[in-house]
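Chemist: Predicted model follows, preceded by the sequence.
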Amino acid sequence: MPKASQATWGGRFTAVPADLMLQFSESVSFDRRLAPFDIAGSKAHSAMLAEVGLITAKECAAIHGGLDAILAEIATGTFTWNTQLEDVHMNIEHALTQRVPAAAKLHTARSRNDQIATDMRLWFKFACGVLREKIANAERVLLAAAAANRDLLIPGYTHLQRAQPVYLAHHLFAWLEMLDRDRARFAEVADHANWCPLGAGALAGTTLPIDRELTATLLGFTDAKGRPQVTQNSMDTVADRDGFIEFATACALLGVHLSRIAEDLILWSSAEFKFVELSDAFSTGSSLMPQKKNPDACELLRGKSARLQGNLHTLLTLVKGLPLTYNRDLQEDKPPVFDSFDQSALSTDVLAGVLGGLTFNRERCAAAVADPALLATDVADYLVRRGVPFREAHHAVGAVVRLAEQRAVPLNQLPTEAVQQLHPAFGPDWVESFDLTSALAKRTGTGMPGPAQLAKQFTRWEKLLK
Ligand code: ARG
(Lines give C-alpha, C1' and ligand atoms only; values in the text may rest on other atoms or scores of the structure.)
Protein backbone atom coordinates (compact mmCIF):
# COMPACT_ATOMS: atom_id res chain seq x y z
CA MET A 1 0.00 0.00 0.00
CA PRO A 2 1.41 3.44 -0.85
CA LYS A 3 2.57 5.18 2.30
CA ALA A 4 0.94 8.51 1.38
CA SER A 5 -2.58 7.08 1.72
CA GLN A 6 -2.71 6.58 5.46
CA ALA A 7 -6.46 6.42 5.04
CA THR A 8 -7.44 5.92 8.65
CA TRP A 9 -5.98 8.94 10.33
CA GLY A 10 -3.92 10.65 7.59
CA GLY A 11 -6.26 13.59 6.98
CA ARG A 12 -4.49 16.17 9.11
CA PHE A 13 -0.98 15.10 8.12
CA THR A 14 1.18 16.44 5.31
CA ALA A 15 4.00 13.91 5.64
CA VAL A 16 3.97 10.14 6.09
CA PRO A 17 5.48 8.32 9.07
CA ALA A 18 9.15 7.38 8.84
CA ASP A 19 9.86 3.76 8.00
CA LEU A 20 11.48 3.43 11.40
CA MET A 21 8.31 4.76 13.03
CA LEU A 22 6.17 2.24 11.12
CA GLN A 23 8.46 -0.56 12.20
CA PHE A 24 8.37 0.72 15.76
CA SER A 25 4.64 1.23 16.05
CA GLU A 26 3.17 -1.69 14.16
CA SER A 27 1.37 -4.34 16.17
CA VAL A 28 -0.13 -6.41 13.38
CA SER A 29 2.75 -8.88 13.67
CA PHE A 30 1.28 -9.98 16.99
CA ASP A 31 -2.32 -8.70 17.12
CA ARG A 32 -3.35 -10.41 13.88
CA ARG A 33 -4.39 -13.38 15.96
CA LEU A 34 -7.30 -11.22 17.11
CA ALA A 35 -8.77 -11.19 13.58
CA PRO A 36 -11.71 -13.56 14.27
CA PHE A 37 -12.69 -11.50 17.32
CA ASP A 38 -12.19 -8.20 15.50
CA ILE A 39 -14.43 -9.40 12.68
CA ALA A 40 -17.09 -10.66 15.10
CA GLY A 41 -17.01 -7.22 16.76
CA SER A 42 -17.34 -5.43 13.41
CA LYS A 43 -20.26 -7.64 12.37
CA ALA A 44 -22.12 -6.95 15.60
CA HIS A 45 -21.32 -3.25 15.45
CA SER A 46 -22.55 -2.91 11.87
CA ALA A 47 -25.68 -4.96 12.62
CA MET A 48 -26.41 -2.50 15.42
CA LEU A 49 -25.71 0.50 13.11
CA ALA A 50 -28.27 -0.92 10.66
CA GLU A 51 -30.78 -1.54 13.43
CA VAL A 52 -30.65 2.09 14.62
CA GLY A 53 -30.70 3.41 11.04
CA LEU A 54 -27.13 4.74 10.79
CA ILE A 55 -26.48 2.44 7.82
CA THR A 56 -28.92 0.62 5.55
CA ALA A 57 -29.66 -3.09 5.71
CA LYS A 58 -28.03 -3.41 2.30
CA GLU A 59 -24.85 -1.71 3.46
CA CYS A 60 -24.80 -3.96 6.50
CA ALA A 61 -25.18 -7.06 4.35
CA ALA A 62 -22.33 -5.91 2.09
CA ILE A 63 -20.09 -5.29 5.12
CA HIS A 64 -20.92 -8.73 6.56
CA GLY A 65 -20.24 -10.43 3.23
CA GLY A 66 -16.90 -8.65 2.91
CA LEU A 67 -15.90 -9.49 6.48
CA ASP A 68 -16.81 -13.15 6.02
CA ALA A 69 -14.68 -13.30 2.86
CA ILE A 70 -11.74 -11.68 4.66
CA LEU A 71 -12.06 -14.11 7.57
CA ALA A 72 -12.02 -17.03 5.13
CA GLU A 73 -8.87 -15.66 3.50
CA ILE A 74 -7.20 -15.22 6.87
CA ALA A 75 -8.12 -18.80 7.80
CA THR A 76 -6.62 -20.21 4.61
CA GLY A 77 -3.55 -17.97 4.82
CA THR A 78 -4.21 -16.07 1.60
CA PHE A 79 -4.87 -12.70 3.25
CA THR A 80 -2.06 -10.18 2.84
CA TRP A 81 -1.09 -8.49 6.11
CA ASN A 82 0.58 -5.13 5.80
CA THR A 83 2.66 -3.74 8.66
CA GLN A 84 2.31 -0.23 7.21
CA LEU A 85 -1.35 -0.45 8.25
CA GLU A 86 -0.23 -0.70 11.88
CA ASP A 87 -2.66 -3.12 13.44
CA VAL A 88 -5.25 -5.83 12.91
CA HIS A 89 -8.10 -3.30 12.92
CA MET A 90 -6.72 -1.14 10.11
CA ASN A 91 -5.62 -4.13 8.03
CA ILE A 92 -9.11 -5.57 8.06
CA GLU A 93 -10.87 -2.23 7.59
CA HIS A 94 -8.57 -1.34 4.70
CA ALA A 95 -9.14 -4.68 2.96
CA LEU A 96 -12.87 -4.31 3.47
CA THR A 97 -12.89 -0.78 2.06
CA GLN A 98 -11.20 -2.02 -1.09
CA ARG A 99 -14.00 -4.53 -1.64
CA VAL A 100 -17.08 -2.87 -0.17
CA PRO A 101 -17.79 0.89 -0.47
CA ALA A 102 -20.07 0.75 2.57
CA ALA A 103 -17.02 -0.17 4.65
CA ALA A 104 -16.32 3.54 4.93
CA LYS A 105 -19.31 3.69 7.31
CA LEU A 106 -18.19 0.78 9.52
CA HIS A 107 -16.16 2.91 11.90
CA THR A 108 -19.18 5.14 12.66
CA ALA A 109 -19.44 5.69 16.43
CA ARG A 110 -16.41 3.50 17.06
CA SER A 111 -12.76 4.03 17.94
CA ARG A 112 -9.90 1.61 17.88
CA ASN A 113 -9.79 2.22 21.62
CA ASP A 114 -13.15 0.57 22.32
CA GLN A 115 -12.50 -1.85 19.46
CA ILE A 116 -9.29 -3.28 20.93
CA ALA A 117 -10.90 -3.44 24.38
CA THR A 118 -13.72 -5.47 22.79
CA ASP A 119 -11.42 -7.76 20.82
CA MET A 120 -9.44 -8.54 23.95
CA ARG A 121 -12.48 -9.17 26.14
CA LEU A 122 -13.77 -11.62 23.52
CA TRP A 123 -10.30 -13.17 23.36
CA PHE A 124 -10.07 -13.54 27.15
CA LYS A 125 -13.37 -15.41 27.19
CA PHE A 126 -12.04 -17.71 24.45
CA ALA A 127 -8.59 -18.17 26.03
CA CYS A 128 -10.02 -18.95 29.47
CA GLY A 129 -12.26 -21.60 27.89
CA VAL A 130 -9.30 -23.23 26.15
CA LEU A 131 -7.18 -23.28 29.30
CA ARG A 132 -10.06 -24.61 31.40
CA GLU A 133 -10.43 -27.53 28.99
CA LYS A 134 -6.70 -28.26 29.03
CA ILE A 135 -6.53 -28.11 32.83
CA ALA A 136 -9.55 -30.43 33.09
CA ASN A 137 -7.75 -32.87 30.79
CA ALA A 138 -4.61 -32.82 32.97
CA GLU A 139 -6.82 -33.32 36.03
CA ARG A 140 -8.39 -36.41 34.47
CA VAL A 141 -4.94 -37.90 33.75
CA LEU A 142 -3.95 -37.16 37.35
CA LEU A 143 -7.08 -38.86 38.67
CA ALA A 144 -6.25 -41.93 36.57
CA ALA A 145 -2.72 -42.02 38.03
CA ALA A 146 -4.20 -41.87 41.53
CA ALA A 147 -6.65 -44.66 40.72
CA ALA A 148 -3.88 -46.86 39.31
CA ASN A 149 -1.87 -46.54 42.55
CA ARG A 150 -4.70 -46.39 45.02
CA ASP A 151 -3.20 -48.57 47.78
CA LEU A 152 0.33 -47.14 47.63
CA LEU A 153 1.68 -45.39 50.72
CA ILE A 154 4.49 -42.82 50.73
CA PRO A 155 5.91 -40.48 53.35
CA GLY A 156 4.42 -37.00 53.30
CA TYR A 157 7.07 -34.31 53.78
CA THR A 158 7.46 -31.04 55.62
CA HIS A 159 10.76 -29.14 55.35
CA LEU A 160 11.62 -31.87 52.83
CA GLN A 161 12.01 -34.22 55.80
CA ARG A 162 9.90 -37.38 56.04
CA ALA A 163 6.96 -36.42 58.25
CA GLN A 164 3.91 -38.73 58.27
CA PRO A 165 2.62 -41.50 56.03
CA VAL A 166 -0.02 -40.71 53.43
CA TYR A 167 -1.52 -42.52 50.49
CA LEU A 168 0.18 -41.46 47.28
CA ALA A 169 -3.32 -40.71 45.98
CA HIS A 170 -3.75 -38.17 48.78
CA HIS A 171 -0.62 -36.37 47.60
CA LEU A 172 -1.86 -36.49 43.99
CA PHE A 173 -5.23 -35.15 45.13
CA ALA A 174 -3.41 -32.18 46.65
CA TRP A 175 -2.18 -31.41 43.12
CA LEU A 176 -5.75 -31.86 41.88
CA GLU A 177 -6.99 -29.25 44.34
CA MET A 178 -4.36 -26.79 43.06
CA LEU A 179 -5.26 -27.38 39.41
CA ASP A 180 -8.96 -27.22 40.09
CA ARG A 181 -8.57 -23.82 41.75
CA ASP A 182 -6.77 -22.67 38.59
CA ARG A 183 -9.65 -23.92 36.48
CA ALA A 184 -12.11 -22.01 38.67
CA ARG A 185 -9.91 -18.91 38.53
CA PHE A 186 -10.00 -18.85 34.73
CA ALA A 187 -13.80 -19.04 34.91
CA GLU A 188 -13.76 -15.93 37.10
CA VAL A 189 -11.40 -14.11 34.73
CA ALA A 190 -13.76 -14.91 31.84
CA ASP A 191 -16.66 -13.68 33.94
CA HIS A 192 -14.96 -10.36 34.63
CA ALA A 193 -14.20 -9.96 30.93
CA ASN A 194 -17.87 -10.41 30.08
CA TRP A 195 -18.77 -6.69 29.68
CA CYS A 196 -19.02 -5.02 26.28
CA PRO A 197 -16.82 -1.95 25.70
CA LEU A 198 -18.25 -0.93 22.30
CA GLY A 199 -19.87 2.48 22.45
CA ALA A 200 -17.23 3.97 24.72
CA GLY A 201 -15.71 5.46 21.57
CA ALA A 202 -12.27 6.96 21.93
CA LEU A 203 -13.08 7.88 25.54
CA ALA A 204 -16.28 9.96 25.56
CA GLY A 205 -18.87 7.86 23.76
CA THR A 206 -20.63 9.28 20.72
CA THR A 207 -23.30 11.81 19.80
CA LEU A 208 -24.89 9.25 17.49
CA PRO A 209 -27.94 7.24 18.64
CA ILE A 210 -26.31 3.81 19.01
CA ASP A 211 -27.71 0.83 20.97
CA ARG A 212 -24.91 -0.50 23.16
CA GLU A 213 -27.11 -3.20 24.66
CA LEU A 214 -27.90 -4.63 21.25
CA THR A 215 -24.20 -4.86 20.31
CA ALA A 216 -23.46 -6.53 23.65
CA THR A 217 -26.24 -9.07 23.13
CA LEU A 218 -25.06 -9.86 19.61
CA LEU A 219 -21.53 -10.51 20.91
CA GLY A 220 -22.62 -12.69 23.81
CA PHE A 221 -21.70 -10.19 26.51
CA THR A 222 -24.71 -11.34 28.51
CA ASP A 223 -25.41 -12.55 32.03
CA ALA A 224 -26.83 -15.94 33.02
CA LYS A 225 -30.33 -14.69 32.20
CA GLY A 226 -29.27 -13.46 28.77
CA ARG A 227 -29.34 -9.78 29.73
CA PRO A 228 -26.72 -7.58 28.01
CA GLN A 229 -23.76 -6.41 30.08
CA VAL A 230 -22.15 -3.15 28.95
CA THR A 231 -19.30 -1.31 30.65
CA GLN A 232 -20.49 1.60 32.79
CA ASN A 233 -17.90 4.36 32.27
CA SER A 234 -16.54 5.28 28.85
CA MET A 235 -13.22 6.54 30.19
CA ASP A 236 -12.57 3.50 32.36
CA THR A 237 -13.59 1.28 29.45
CA VAL A 238 -10.71 2.37 27.22
CA ALA A 239 -8.15 2.79 30.04
CA ASP A 240 -8.90 -0.39 32.01
CA ARG A 241 -6.45 -3.28 31.68
CA ASP A 242 -7.52 -5.22 34.78
CA GLY A 243 -8.62 -8.15 32.64
CA PHE A 244 -5.11 -8.45 31.22
CA ILE A 245 -3.60 -8.42 34.68
CA GLU A 246 -6.14 -10.90 36.03
CA PHE A 247 -5.54 -13.25 33.12
CA ALA A 248 -1.76 -13.02 33.55
CA THR A 249 -2.20 -13.55 37.30
CA ALA A 250 -4.23 -16.70 36.73
CA CYS A 251 -1.52 -17.94 34.32
CA ALA A 252 1.27 -17.05 36.76
CA LEU A 253 -0.46 -18.91 39.57
CA LEU A 254 -1.11 -21.89 37.32
CA GLY A 255 2.62 -21.73 36.53
CA VAL A 256 3.47 -21.73 40.24
CA HIS A 257 1.35 -24.85 40.69
CA LEU A 258 2.88 -26.57 37.67
CA SER A 259 6.33 -25.76 39.01
CA ARG A 260 5.56 -27.27 42.41
CA ILE A 261 4.14 -30.44 40.86
CA ALA A 262 7.18 -30.58 38.57
CA GLU A 263 9.53 -30.16 41.51
CA ASP A 264 7.89 -33.03 43.43
CA LEU A 265 8.33 -35.21 40.36
CA ILE A 266 11.95 -34.14 39.88
CA LEU A 267 12.70 -35.13 43.46
CA TRP A 268 10.71 -38.35 43.31
CA SER A 269 12.44 -39.44 40.11
CA SER A 270 15.96 -38.87 41.46
CA ALA A 271 18.03 -41.88 42.56
CA GLU A 272 17.80 -40.56 46.12
CA PHE A 273 14.00 -41.04 46.18
CA LYS A 274 13.31 -43.31 43.19
CA PHE A 275 9.57 -43.29 43.94
CA VAL A 276 8.71 -42.84 40.30
CA GLU A 277 10.04 -43.41 36.81
CA LEU A 278 9.21 -40.77 34.19
CA SER A 279 8.32 -41.94 30.70
CA ASP A 280 11.00 -41.79 28.00
CA ALA A 281 8.58 -39.67 25.97
CA PHE A 282 8.92 -36.77 28.41
CA SER A 283 12.57 -37.21 29.42
CA THR A 284 15.84 -36.48 27.66
CA GLY A 285 19.34 -37.89 27.71
CA SER A 286 22.73 -36.30 28.27
CA SER A 287 25.00 -35.56 25.32
CA LEU A 288 27.96 -36.64 27.44
CA MET A 289 26.85 -39.09 30.13
CA PRO A 290 25.28 -42.16 28.51
CA GLN A 291 23.50 -43.32 31.68
CA LYS A 292 21.53 -40.11 32.23
CA LYS A 293 17.76 -39.79 31.97
CA ASN A 294 16.86 -36.23 32.78
CA PRO A 295 13.47 -34.84 33.83
CA ASP A 296 13.67 -31.96 31.32
CA ALA A 297 9.91 -31.67 30.84
CA CYS A 298 9.47 -31.07 34.56
CA GLU A 299 12.42 -28.68 34.67
CA LEU A 300 10.93 -26.68 31.80
CA LEU A 301 7.58 -26.57 33.59
CA ARG A 302 9.48 -25.10 36.54
CA GLY A 303 11.32 -22.69 34.25
CA LYS A 304 8.25 -21.56 32.29
CA SER A 305 6.67 -20.40 35.53
CA ALA A 306 9.34 -17.68 35.73
CA ARG A 307 8.26 -16.45 32.32
CA LEU A 308 4.60 -16.37 33.35
CA GLN A 309 5.48 -14.31 36.40
CA GLY A 310 7.56 -11.99 34.23
CA ASN A 311 4.60 -11.38 31.93
CA LEU A 312 2.43 -10.43 34.88
CA HIS A 313 5.12 -8.08 36.09
CA THR A 314 5.39 -6.47 32.65
CA LEU A 315 1.66 -5.70 32.68
CA LEU A 316 1.62 -4.30 36.19
CA THR A 317 4.54 -2.04 35.35
CA LEU A 318 2.98 -1.00 32.03
CA VAL A 319 -0.22 0.24 33.64
CA LYS A 320 1.21 1.67 36.85
CA GLY A 321 1.05 5.47 36.90
CA LEU A 322 -0.43 5.69 33.40
CA PRO A 323 -2.72 8.72 33.08
CA LEU A 324 -6.30 8.13 32.00
CA THR A 325 -7.37 7.20 29.44
CA TYR A 326 -5.83 5.34 26.47
CA ASN A 327 -2.11 5.76 25.87
CA ARG A 328 -0.18 3.99 23.16
CA ASP A 329 1.93 2.30 25.83
CA LEU A 330 -1.07 0.02 26.13
CA GLN A 331 -0.30 -1.61 22.80
CA GLU A 332 2.49 -3.39 24.70
CA ASP A 333 -0.18 -5.18 26.74
CA LYS A 334 -0.76 -7.89 24.16
CA PRO A 335 2.57 -9.76 23.75
CA PRO A 336 2.71 -10.69 27.45
CA VAL A 337 -0.86 -12.02 27.62
CA PHE A 338 -0.49 -13.92 24.36
CA ASP A 339 2.75 -15.42 25.61
CA SER A 340 1.15 -16.32 28.95
CA PHE A 341 -1.67 -18.04 27.10
CA ASP A 342 0.59 -19.93 24.70
CA GLN A 343 2.99 -21.08 27.40
CA SER A 344 0.22 -21.99 29.85
CA ALA A 345 -1.58 -24.02 27.19
CA LEU A 346 1.61 -25.81 26.18
CA SER A 347 2.71 -26.41 29.77
CA THR A 348 -0.66 -27.82 30.77
CA ASP A 349 -0.58 -30.26 27.86
CA VAL A 350 2.97 -31.26 28.79
CA LEU A 351 1.94 -31.81 32.39
CA ALA A 352 -0.81 -34.14 31.18
CA GLY A 353 1.78 -35.99 29.08
CA VAL A 354 4.16 -36.32 32.03
CA LEU A 355 1.42 -37.48 34.40
CA GLY A 356 0.22 -40.04 31.87
CA GLY A 357 3.66 -41.67 31.82
CA LEU A 358 4.41 -42.11 35.52
CA THR A 359 5.40 -45.55 36.80
CA PHE A 360 5.58 -45.71 40.57
CA ASN A 361 8.18 -47.93 42.23
CA ARG A 362 6.19 -49.86 44.81
CA GLU A 363 9.24 -51.28 46.62
CA ARG A 364 10.93 -47.91 47.05
CA CYS A 365 7.72 -46.28 48.25
CA ALA A 366 7.11 -49.11 50.71
CA ALA A 367 10.68 -48.92 52.01
CA ALA A 368 10.48 -45.17 52.52
CA VAL A 369 7.21 -45.32 54.39
CA ALA A 370 8.28 -48.27 56.58
CA ASP A 371 10.28 -46.09 59.00
CA PRO A 372 8.34 -46.34 62.31
CA ALA A 373 9.49 -42.83 63.25
CA LEU A 374 6.86 -41.52 60.80
CA LEU A 375 4.26 -42.62 63.35
CA ALA A 376 5.81 -40.86 66.36
CA THR A 377 2.86 -38.46 66.35
CA ASP A 378 0.49 -41.42 66.49
CA VAL A 379 2.35 -42.62 69.60
CA ALA A 380 1.76 -39.22 71.19
CA ASP A 381 -1.94 -39.55 70.25
CA TYR A 382 -1.90 -42.98 71.94
CA LEU A 383 -0.80 -41.31 75.19
CA VAL A 384 -3.43 -38.57 74.72
CA ARG A 385 -6.10 -41.26 74.47
CA ARG A 386 -4.81 -42.49 77.84
CA GLY A 387 -5.39 -39.07 79.38
CA VAL A 388 -1.92 -37.55 78.99
CA PRO A 389 -1.91 -33.83 78.01
CA PHE A 390 -0.57 -33.48 74.45
CA ARG A 391 2.45 -31.32 75.37
CA GLU A 392 3.50 -33.92 77.97
CA ALA A 393 2.89 -36.76 75.50
CA HIS A 394 4.94 -34.95 72.81
CA HIS A 395 7.80 -34.58 75.27
CA ALA A 396 7.64 -38.22 76.35
CA VAL A 397 7.67 -39.49 72.76
CA GLY A 398 10.60 -37.17 72.04
CA ALA A 399 12.48 -38.96 74.82
CA VAL A 400 11.47 -42.33 73.30
CA VAL A 401 12.85 -41.20 69.92
CA ARG A 402 16.09 -40.11 71.58
CA LEU A 403 16.40 -43.49 73.35
CA ALA A 404 15.87 -45.37 70.08
CA GLU A 405 18.57 -43.26 68.50
CA GLN A 406 20.96 -43.92 71.39
CA ARG A 407 20.38 -47.66 71.14
CA ALA A 408 20.43 -47.50 67.35
CA VAL A 409 17.20 -49.48 67.03
CA PRO A 410 14.00 -48.63 65.16
CA LEU A 411 11.46 -46.84 67.33
CA ASN A 412 9.08 -49.81 67.46
CA GLN A 413 11.81 -52.22 68.66
CA LEU A 414 12.20 -50.62 72.07
CA PRO A 415 10.97 -52.86 74.89
CA THR A 416 7.78 -51.69 76.61
CA GLU A 417 9.60 -51.53 80.00
CA ALA A 418 12.10 -49.07 78.59
CA VAL A 419 9.40 -46.68 77.30
CA GLN A 420 7.39 -47.10 80.51
CA GLN A 421 10.35 -45.65 82.36
CA LEU A 422 10.04 -42.55 80.19
CA HIS A 423 6.27 -42.28 80.85
CA PRO A 424 4.11 -44.52 83.06
CA ALA A 425 1.08 -44.24 80.73
CA PHE A 426 2.74 -46.50 78.13
CA GLY A 427 1.11 -49.96 78.11
CA PRO A 428 2.16 -53.12 76.22
CA ASP A 429 -0.20 -52.15 73.38
CA TRP A 430 1.84 -49.01 72.55
CA VAL A 431 3.52 -50.82 69.62
CA GLU A 432 0.16 -51.14 67.90
CA SER A 433 0.55 -47.44 67.07
CA PHE A 434 3.10 -48.52 64.44
CA ASP A 435 0.64 -50.45 62.34
CA LEU A 436 0.46 -48.38 59.14
CA THR A 437 -2.90 -49.65 58.00
CA SER A 438 -4.68 -48.90 61.24
CA ALA A 439 -2.77 -45.60 61.61
CA LEU A 440 -4.22 -44.45 58.28
CA ALA A 441 -7.67 -45.88 59.05
CA LYS A 442 -7.88 -43.64 62.12
CA ARG A 443 -7.64 -40.52 59.97
CA THR A 444 -11.33 -40.26 59.26
CA GLY A 445 -12.04 -36.52 59.29
CA THR A 446 -12.83 -34.56 56.12
CA GLY A 447 -9.72 -33.88 54.08
CA MET A 448 -7.59 -36.41 55.97
CA PRO A 449 -5.59 -39.16 54.25
CA GLY A 450 -7.53 -42.17 55.66
CA PRO A 451 -8.91 -44.78 53.25
CA ALA A 452 -12.58 -43.84 53.88
CA GLN A 453 -11.86 -40.20 53.08
CA LEU A 454 -9.81 -41.22 50.08
CA ALA A 455 -12.75 -43.22 48.74
CA LYS A 456 -14.95 -40.15 49.16
CA GLN A 457 -12.43 -38.00 47.29
CA PHE A 458 -12.25 -40.51 44.44
CA THR A 459 -16.04 -40.33 44.13
CA ARG A 460 -15.97 -36.53 44.29
CA TRP A 461 -13.30 -36.12 41.62
CA GLU A 462 -14.81 -38.76 39.36
CA LYS A 463 -18.07 -36.82 39.45
CA LEU A 464 -16.44 -33.40 39.04
CA LEU A 465 -14.25 -34.43 36.10
CA LYS A 466 -16.77 -36.58 34.24
N1 ARG B 1 -3.14 -1.16 18.12
C2 ARG B 1 -3.68 -0.37 19.17
C3 ARG B 1 -3.41 -1.05 20.52
O4 ARG B 1 -3.24 -2.22 20.53
C5 ARG B 1 -5.15 -0.21 19.01
C6 ARG B 1 -5.64 1.04 19.64
C7 ARG B 1 -5.00 2.17 18.98
N8 ARG B 1 -5.56 3.40 19.42
C9 ARG B 1 -4.92 4.57 19.16
N10 ARG B 1 -5.47 5.63 19.61
N11 ARG B 1 -3.77 4.61 18.52
O12 ARG B 1 -3.38 -0.40 21.54
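Modeler: Nice, I can see it. Numbering: from 1, shown residues only.

Chemist: Next, the buried residues of stretch 36-53.
Modeler: 37-51 (16 or more other CB atoms under 10 Å). Every C-beta, even on glycine, is put in place using the N, C-alpha and C of the backbone.

Chemist: Out of the residues you listed, which comes closest to residue 252?
Modeler: Proximity of those to residue 252 (CB to CB) peaks at residue 37, which lies at 23.4 Å.

Chemist: With adjacent residues omitted, what lies nearest to the closest one?
Modeler: Using CB to CB, 6 or more residues apart in numbering and skipping the chain neighbours, the partner closest in space to residue 37 is residue 122 (4.1 Å).

Chemist: per-residue pLDDT, that neighbour?
Modeler: Residue 122 is assigned a pLDDT of 99 by the prediction.

Chemist: Residue 389 too?
Modeler: pLDDT, residue 389: 97.

Chemist: Would you mind naming what in this structure lies close to the ligand?
Modeler: Within the chain, the positions lying close to the ligand (CB under 6 Å from any ligand atom) are 27, 31, 87, 112, 113, 116, 326, 328, 330, 331.

Chemist: what's around the residue of the stretch 251-400 of the chain found nearest the ligand, how many residues?
Modeler: Relative to the ligand, the nearest point of the stretch 251-400 of the chain is residue 331 (3.7 Å; CB to the nearest ligand atom). Applying other CB atoms under 10 Å, we find 18 other residues in the vicinity of residue 331.

Chemist: So which of the buried residues of stretch 36-53 sit within helices?
Modeler: Among those, the members falling in helices (DSSP state H) are 37-51.

Chemist: Go through these and say which is closest to residue 279.
Modeler: Using CB to CB, those come closest to residue 279 at residue 37, 37.5 Å.

Chemist: quick one: the closest one from the ligand, how far?
Modeler: 13 Å (CB to the nearest ligand atom, to the nearest Å).

Chemist: show me the contacts for that residue.
Modeler: Residue 37 makes contact with 118, 119, 120, 122, 123, 126, according to CB atoms under 8 Å, 6 or more residues apart in numbering.

Chemist: Now name the helix or strand holding the closest residue to the ligand within the stretch 151-300 of the chain.
Modeler: The ligand sits closest to residue 202 of the stretch 151-300 of the chain, with a gap of 7.0 Å, by CB to the nearest ligand atom. Under DSSP states H and E, no helix or strand contains residue 202.

Chemist: There's contact between it and residue 113 in this structure, I believe.
Modeler: Yes - here residue 202 reaches residue 113: they are 5.1 Å apart, a contact under CB atoms under 8 Å.

Chemist: Now do the shared contacts for the two.
Modeler: Joint contacts of residue 202 and residue 113 (CB under 8 Å, 6+ apart) are 238, 326.

Chemist: Looking at these two, which has the bigger crowd around it?
Modeler: Each of residue 202 and residue 113 has its neighbours counted (other CB under 10 Å); residue 113 has more, 20 against 16.

Chemist: Take the residues of the chain next to the ligand and write them to a markdown table, including secondary structure.
Modeler: Listed next are the residues of the chain next to the ligand as a markdown table, based on DSSP: H, G, I helix; E, B strand; the rest coil:
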| residue | secondary structure |
| --- | --- |
| 27 | coil |
| 31 | helix |
| 87 | coil |
| 112 | helix |
| 113 | helix |
| 116 | helix |
| 326 | coil |
| 328 | helix |
| 330 | helix |
| 331 | helix |
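
Chemist: Which members of the residues you listed are classed as buried?
Modeler: By 16+ other CB under 10 Å, those give 27, 31, 87, 112, 113, 116, 326, 330, 331 as buried.

Chemist: Closest to residue 422 out of those?
Modeler: Nearest to residue 422 among these, with distances taken as CB to CB, is residue 330, at 69.0 Å.

Chemist: picking that back up, with the ones in helices among the buried residues of stretch 36-53 in mind, which one is nearest to residue 142?
Modeler: Distances from residue 142 to these, taken by CB to CB, are shortest for residue 37, at 32.1 Å.

Chemist: For residue 20, see how far away the closest one is.
Modeler: 30 Å (CB to CB, to the nearest Å).

Chemist: do the same with residue 177
Modeler: From residue 177 to residue 20 the distance is 52 Å (CB to CB).

Chemist: Please say which of these two ends up with more neighbours.
Modeler: residue 177 (12 against 8).
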